[in-house]
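Student: task: produce atomic coordinates for the following.
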Amino acid sequence: MSRIGKQPITVPAGVTVTIDGTKVTTKGPKGELTREFPSMMIIKQEGDVITVERPDDSREAKSYHGLVRTLVANMVEGSAKGFSKKLQLVGVGYRAALKGKDLDLQLGFSHPVVVPCPEGITFEVPTQTEIVVSGPSKEQVGQVAADIRKWRKPEPYKGKGIRYEGEYVRRKLGKAAKGD
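Tutor: Next comes the predicted model:
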């Protein structure tokens, strides 16, 4: 049995969880999330504790057990607290601004890059070189942050680009240092 899958999920105050067969819906102060899970998993709620069980010992059920438990736990946590990713812009002239709900980026192209704000996601720009992507769904927050980072990945020679907060970019020597 999966060690992660065995752990119960505690539902915090202010979050309601509705389980309808294999469909789980969580509602909380940060938003509402709904997800359909494989029918081989049994998701139960007793009071403020949720458990995920697998009825058989098939290989497929074993592989989904910990995953389903983690996804349900992320839904509960996202509805209660939400998730956020911080991005940093490094480079001369690289800056970010909000245009309504959308994100307006100057990344060294001849034109500004406008990133539309998906439903359920919020952008914050504390300074011109910082972006905070937040929302209730951990998957969606990570995907939107990765899509923004894709516009200018950090390059290894000067370190310019969009990087996650705390990301280390390994620097390479230029061609002038190669001959030494």
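Student: burial check on Thr129, number of neighbours?
Tutor: When neighbours are defined as other C-beta atoms under 10 Å, Thr129 has 15 of them. Yep, even glycine has a C-beta here, placed from its N, CA and C like the rest.
Student: for Lys153, see how far away it is.
Tutor: 16 Å (C-beta to C-beta, to the nearest Å).
Student: cool, Val92 as well?
Tutor: Relative to Lys153, and taking C-beta to C-beta, Val92 is found at 17 Å.
Student: which of those two has more neighbours?
Tutor: Each of Val92 and Lys153 has its neighbours counted (other C-beta under 10 Å); Lys153 has more, 12 against 7.
Student: for Leu71, see how far away that one is.
Tutor: Computed with C-beta to C-beta, the distance linking Lys153 and Leu71 is 28 Å.
Student: same check, this time on Asp56
Tutor: For Asp56, the distance to Leu71 equals 20 Å [C-beta to C-beta].
Student: now swap in Lys86 and tell me
Tutor: Taken as C-beta to C-beta, the span from Lys86 to Leu71 is 23 Å.
Student: mind listing the strands the lengthiest strand in the chain pairs with, and their directions?
Tutor: When the chain is parsed with DSSP state E, its longest strand is strand 83-90. Based on DSSP bridges, the pairing partners of strand 83-90 within the sheet are strand 130-135 (antiparallel), strand 161-164 (antiparallel).
Student: among the ones you listed, which is nearest Asp48?
Tutor: Proximity of the strands paired with strand 83-90 to Asp48 was assessed by C-beta to C-beta; the nearest stretch is strand 130-135, lying at 24.0 Å.
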